[in-house]
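1. Next come a sequence and a model predicted from it.
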Amino acid sequence: GKGILACDESTKTIGKRLEQIGVPNEETYRRQWRELLFRTPNMNEAISSAILYEETLFQNAEDGTPFVDIMKANNVIPGIKVDTGVRATF
């Protein structure tokens with residue numbers, strides 16, 4: 001079987017990860033990180049789909065290609081996180 005790539009981190013969460021390696025939490029760097037993931041050679045041999053954050057859904061690679069198109073061209077099904085956060089149920 002293949003896995004699901006969970007790249008649905010919010011801007012705040014991905015910012016914490018970038019800060020750990022000394023990279024500013026700016027759209028350019030978040031895009032570069034995601035492009036590295038989506039352009040990994042043979043990614044589709046291990047990944048069948050990816051869960052995206054809203055920002056990622058509308059981002060393009062440096063060459064202007066939408067990330068969603070890159071995934072679809074590699075037979076990776078893009079999906080989007082639709083929750084609105086944790087809420088009390090009682």
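-> Received, thanks. Numbers count the residues shown, from 1 in each chain.

2. was I right about Pro61 contacting Phe38?
-> Quick fix: residue 61 is Ala, not Pro. Yes. Counting by CB atoms under 8 Å, Ala61 touches Phe38, with 7.4 Å between them. Bear in mind the C-beta positions are built from the backbone N, C-alpha and C, glycine included.

3. hang on, isn't Gln15 packed against Asn25?
-> For the record, residue 15 is Gly, not Gln. Yes. The pair Gly15 and Asn25 passes the contact test of CB under 8 Å, sitting 3.1 Å apart.

4. Can you name the residues in contact with the longest helix along the chain?
-> Secondary structure assigned by DSSP state H gives helix 27-38 as the longest helix of the chain. Residues outside helix 27-38 that contact it (CB atoms under 8 Å, 6 or more residues apart in numbering) are 5, 7, 11, 14, 18, 23, 43, 50, 55-56, 59-62, 67, 70-71, 74, 76.

5. still on that earlier bit, what residues are shared contacts of Ala61 and Phe38?
-> With CB under 8 Å, 6+ apart as the test, Ala61 and Phe38 both reach 67, 70.

6. where do the strands sit along this structure?
-> Along the chain, counting by DSSP state E, strands occupy 3-7, 47-52, 77-80.

7. could you dump these to a markdown table with mean neighbour count and distance to Trp33?
-> Compiled in a markdown table, the strands of the chain are given as follows (neighbours: other CB atoms under 10 Å; distance: least, CB to CB, whole Å):
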| stretch | mean neighbour count | distance to Trp33 |
| --- | --- | --- |
| strand 3-7 | 15 | 9 |
| strand 47-52 | 19 | 13 |
| strand 77-80 | 15 | 17 |
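
8. Switch those over to JSON lines; also include mean pLDDT and distance to Gln32.
-> Converted to JSON lines, the strands of the chain look like this (pLDDT from 0 to 100; distance: least, CB to CB, whole Å):
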{"stretch": "strand 3-7", "mean pLDDT": "93", "distance to Gln32": "13"}
{"stretch": "strand 47-52", "mean pLDDT": "94", "distance to Gln32": "16"}
{"stretch": "strand 77-80", "mean pLDDT": "92", "distance to Gln32": "19"}
